[in-house]
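[1] Sequence plus the predicted model coming up.
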Amino acid sequence: MVTSRRLPSLNGLKAFEAAARHGSFASAAAELNVSPAAISRLVHLLEERLRITLFERSANRLALTAAGRAYQAGLTPLLDAIANLTAQVTSGASARVLTIGVGPTFATRWLIPRLTAFQALAPEIEVRFTTGGVAAPFREDWTCGIKLGDGDWPGLVSEHLFPADLSPVCSPRLANGLREPRDLAKATLLRVAHADEDWRLWLDAAGVSRLTPHGPVFDYYGQALQAAADGVGIAMGIRPYIDDDVQAGRLVAPFSLTVPKGQQWYLIYRDIRRDQPDFLTFRNWIVAAATDSS
């Protein structure tokens, strides 16, 4: 049995969200091309429908109540997502857009350096990157995403791209002093805040489990890898982030041991996208590019 949705007026939601964002009925009216009185009336009807007060009104001031702040915080991203999704669905051959949810390090370390190859293949398709990827939930306005995980995302198709193998990396200068894993005891070991287990996985596999990593902590892998390239210390590299730098000699993997992280990289998308021509072009390209990098 399908439960029918009980939604307030979309016009009321748009009026409230615009007024809340601008802090003014007049500015909201200008954005929505109606009169300030119409905005005020729509917001009043919405308040009656919800049985809550969204604004504190005075002669010279319009302020959100606590309920209003909470409602606007949820509405703004939802309306943004509707606008983006509508733009994608209605975009024709003159505006062909792929929106890809991808983490900042994956984008800068692997995808962006290869983007010219995709543009050469399909110059008519515009690629847009959006915040997210590894940790962010899949958004409805994404065409697809690239995530690290076990491949199980309910409601989404996942296709394997890369293994996520771990290996310490550093500058060529620092690599000269590393002959075996126990040499890391005297080194500065760079860490990533959300992946503190990486060093432990590798050190246990290398037989130096008593060694405790000490060194700066970074928010992202990309920051730690840049610090490693600059000679600050030894970073725990994860594929494919390190592949290009190792090949170019900017980073060195001083030990042959690589350890699986326990997760893999996947391309994820809604099944409805599967046969869409522009997405299929991107999907085939990235799968082939991932295979070439493996």
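    Thanks, I have the structure now. Since we're looking at a predicted model, the values are computed, not measured.
[2] What segments of this structure are helices?
    10-22, 25-32, 36-50, 66-90, 104-106, 115-121, 172-175, 197-205, 221-229, 243-248, 277-293 (DSSP state H).
[3] Could you export those as a markdown table, including distance to Pro163, mean neighbour count and mean pLDDT?
    From N, CA and C alone the C-beta is placed, and that goes for glycine too. As requested, these are exported to a markdown table (distance: least, Cβ to Cβ, whole Å; neighbours: other Cβ atoms under 10 Å; pLDDT from 0 to 100):
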| stretch | distance to Pro163 | mean neighbour count | mean pLDDT |
| --- | --- | --- | --- |
| helix 10-22 | 44 | 20 | 92 |
| helix 25-32 | 48 | 18 | 90 |
| helix 36-50 | 50 | 17 | 93 |
| helix 66-90 | 31 | 14 | 83 |
| helix 104-106 | 14 | 21 | 87 |
| helix 115-121 | 22 | 12 | 93 |
| helix 172-175 | 23 | 14 | 93 |
| helix 197-205 | 14 | 18 | 94 |
| helix 221-229 | 15 | 23 | 92 |
| helix 243-248 | 11 | 14 | 92 |
| helix 277-293 | 10 | 15 | 91 |
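[4] Look up phi and psi at the nearest residue to Asp230 once chain neighbours are set aside.
    Closest residue in space to Asp230, ignoring its immediate chain neighbours: Ser171 at 7.1 Å, by Cβ to Cβ, 6 or more residues apart in numbering. Ser171 adopts backbone torsions of phi -70, psi 160, taken as degrees, to the nearest 10.
[5] ok, Ser171 - contacts?
    228-231, 250-252 (Cβ atoms under 8 Å, 6 or more residues apart in numbering).
[6] need the helices of the chain in a markdown table with distance to Leu148, can you?
    A markdown table is the format used below for the helices of the chain (distance: least, Cβ to Cβ, whole Å):
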| stretch | distance to Leu148 |
| --- | --- |
| helix 10-22 | 34 |
| helix 25-32 | 39 |
| helix 36-50 | 40 |
| helix 66-90 | 23 |
| helix 104-106 | 8 |
| helix 115-121 | 20 |
| helix 172-175 | 27 |
| helix 197-205 | 12 |
| helix 221-229 | 10 |
| helix 243-248 | 15 |
| helix 277-293 | 13 |
